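S.K.: need coordinates for the following:
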Amino acid sequence: QLQLVESGGGLVQAGGSLRLSCAASGRTFSSYGMGWFRQAPGKEREFVITISRIGVTTYANSVKGRFTISRDDTKNTVNLQMERLKPEDTAIYYCAATSALGTVVTEDRYAFWGQGTQVTVSS
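M.R.: Take a look at the predicted model:
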């Protein structure tokens, strides 16, 4: 098992920034690709951003140029830096881990999930 715990969510004004972190424990973190997904009220969960085991990243079009993902295998963490936030970024953000190779954008390939952290962007 790989345990994932997100932190860093909160309330921010539109145009502001927020940094989410995901701490992993239980298995070899560097063996996993890591992703962030989000679920807005009344909507399905959607892919946001991912980083492969070797650091290759893929972004959803809606966050490209504003969100950045990074990983630190020495600390077993993955971070999501969010800039120029918009009200439509409001959602619960989930960290997830996949053993699949490459960058993975579909949630059914992620085996481990965190409990989520709320991000609210006010207009």
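
S.K.: pull up the gap between the residue most central in space within the chain and residue 13, please.
M.R.: With distances taken as CA atoms, centre = their mean, the residue of the chain nearest its centroid is residue 36 (2.3 Å). The spacing between residue 36 and residue 13, counted by CB to CB, to the nearest Å, is 21 Å. To be clear about C-beta, it is placed using only N, CA and C from the backbone, and glycine gets the same treatment.

S.K.: what's the answer for residue 69, then?
M.R.: Residue 69 is 23 Å from residue 13, by CB to CB.

S.K.: likewise residue 57?
M.R.: Using CB to CB, we find residue 57 at a distance of 27 Å from residue 13.

S.K.: the more surrounded of the two?
M.R.: residue 57 (14 against 10; other CB atoms under 10 Å).

S.K.: partner residues bridging that one?
M.R.: With DSSP bridges as the criterion, residue 57 is bridged to residue 51.

S.K.: again with residue 80
M.R.: Under the criterion used (DSSP bridges), residue 80 bridges to residue 20, residue 69.

S.K.: run a quick neighbour tally on it.
M.R.: 27.

S.K.: thought it was touching residue 68?
M.R.: Yes: taking contacts as CB atoms under 8 Å, residue 80 lies within contact range of residue 68: 7.5 Å.

S.K.: who touches both of the two?
M.R.: Both residue 80 and residue 68 are contacted by residue 49, under the criterion CB atoms under 8 Å, 6 or more residues apart in numbering.

S.K.: ok so the residue nearest to the centre of the chain is a strand residue?
M.R.: Yes: counting by DSSP: H, G, I helix; E, B strand; the rest coil, residue 36 is found in a strand.

S.K.: what's near enough to touch it?
M.R.: Taking CB under 8 Å, 6+ apart as the test, what residue 36 contacts is 20, 22, 48-50, 69, 78, 80, 93-96.
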